[in-house]
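Novice: I would like to see how this sequence folds:
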Amino acid sequence: MSVQIRPLAGRRERERFIRLPWAIYANDPQWVPPLRGDVRAVMDRDRHPFHAHAEVEFFLAWRDGAPVGRIAAVVNHAYNRFHEERTGFFGLFESVDDPAVATALLRAAEGWLGERGMARCLGPMNLSTNEELYSPGVLIAGAEHPPVIMMGHAPPYYPALLEGAGYAKAKDLFAYWIEGEEPPERMARGIQRMLRRKHVELRRLDLARFDEELATVKAIYNTAWERNWGFVPMTDAEIDHMAKSLKPLVDERLCAFAEVDGKAVAFILMLPDFNQVLRHMNGRMLPFGWLKFLWYKRRISRVRVLTLGVVPEYRGLGLDSFLIAHVYRTSTEMGMPRGECSWILEDNGPMNHALERLGHVYKRYRVYERPLGG
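Specialist: Numbers count the residues shown, from 1 in each chain. Have a look, this model is predicted:
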């Protein structure tokens, strides 16, 4: 039967957009249902700060009266101003295993982006590198492992659907698996050499001074990631929103600054893997999801290094290893001696080199691109 693509019309269709993954992943034991409230929040044009500098349209694919796919088309004006590009994005992509459905969704998004002057379509991006409902890219290796917090998952047929619709690789992203009670001896020796040469101190995040700490994190983030592929500077509203969302999940023992001569020049954020909790909640906090949350929270056994950044002029000193070694030991002491460090750009040589000494790439995600209008 023919496929129809329509923008969302009303709250009922928005809910069908949100619930579609439950059908796509019904037989996938590794998939972790997101909290539906989190998806609603990122789609809220009136309240979510991303929409202050972006235009977004959400589409559903229909066949025989039922939704069979979805996509978001995104013009992130902040990204295009910063990079001096005309790049549009697609994201929140889900589809049944049917090239006709996937291609129709992508063409609808491309048409919408083209009408707004975009020259390229890049994705999936969900919805940007700052507003990650889950990570960019399509999982192309490692689907036998469950996703950790804020990382994506995908059926094995997604790469073929995108490539069949004319998309090609733009960039691969790595996820490293790390486990063990102590960092390697070679890393420990390197850290000791650095400490002898530089006046470096480690300071844990202080939630009692949350606003001050947040300002420091923002300054490091917007400096440390400035030259990274896909980077967009965070606005004050965005970092406040992100902090509010993550604060209930943050354990200050797993977040730290590295200071050189009293100046904070690097930051690491590690989170317990709350996906081990969410997989039991079926996307709902109410009426009884919060009880499951409290029960399964005590059983979390792994972590994710979500963010690690070093101000450019302090790179090459070993501060990244210094911070990783700290959270490595701390998470082990907390009963979480294993976890994921993600996501890492495939061409980020220094970071990949550091992580190869600790673990191995066990997942790979791919961001795709396609030129528009020509």
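
Novice: Which neighbouring elements make contact with the worst-scoring helix or strand of the chain on mean pLDDT?
Specialist: Here the helix or strand of the chain ranked lowest by mean pLDDT, DSSP states H and E is helix 185-197, holding a mean of 71. Helices and strands touching helix 185-197, by 3 or more C-beta pairs under 8 Å, 6 or more residues apart in numbering; DSSP states H and E, are helix 319-333. C-beta coordinates here come from the backbone N, C-alpha and C atoms, glycine included.

Novice: Please go through the chain and pick out the longest helix.
Specialist: In the chain, assigned by DSSP state H, the helix with the most residues is helix 99-115.

Novice: Can you mark which positions in it are buried?
Specialist: 100-106, 108-110, 112-113 (16 or more other C-beta atoms under 10 Å).

Novice: same thing with stretch 213-222?
Specialist: Buried residues in stretch 213-222 (16+ other C-beta under 10 Å): 213-214, 216-218, 220-222.

Novice: Can you list the low-confidence ranges for the chain?
Specialist: 1, 181-182, 186, 197, 374 (pLDDT under 70).

Novice: Let's check: the centremost residue of it is which one?
Specialist: By C-alpha atoms, centre = their mean, the chain has its centre lying nearest to Ser135, at 3.0 Å.

Novice: sorry, back to before: now tabulate the buried residues of stretch 213-222 in JSON lines and tack on secondary structure and distance to Ala168.
Specialist: Shown next, in JSON lines, are those (DSSP: H, G, I helix; E, B strand; the rest coil; distance: C-beta to C-beta, whole Å):
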{"residue": "Glu213", "secondary structure": "helix", "distance to Ala168": "41"}
{"residue": "Leu214", "secondary structure": "helix", "distance to Ala168": "39"}
{"residue": "Thr216", "secondary structure": "helix", "distance to Ala168": "40"}
{"residue": "Val217", "secondary structure": "helix", "distance to Ala168": "35"}
{"residue": "Lys218", "secondary structure": "helix", "distance to Ala168": "35"}
{"residue": "Ile220", "secondary structure": "helix", "distance to Ala168": "34"}
{"residue": "Tyr221", "secondary structure": "helix", "distance to Ala168": "30"}
{"residue": "Asn222", "secondary structure": "helix", "distance to Ala168": "31"}
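
Novice: how about stretch 138-151: buried residues?
Specialist: 138-140, 142-143, 146-151.

Novice: what are the ranges of the strands in the stretch 151-300 of the chain?
Specialist: For the stretch 151-300 of the chain, the strands defined by DSSP state E, counting those that start in this stretch occupy 168-179, 200-204, 255-260, 263-272.

Novice: packing partners for the last one?
Specialist: Just to be clear, that refers to strand 263-272. Secondary elements touching strand 263-272 (3+ C-beta pairs under 8 Å, 6+ apart): helix 210-224, strand 255-260, strand 303-310, helix 319-333.

Novice: looking at it, His280 is touching Lys292, isn't it?
Specialist: Yes: counting by C-beta atoms under 8 Å, Lys292 is a contact partner of His280 at 5.1 Å.
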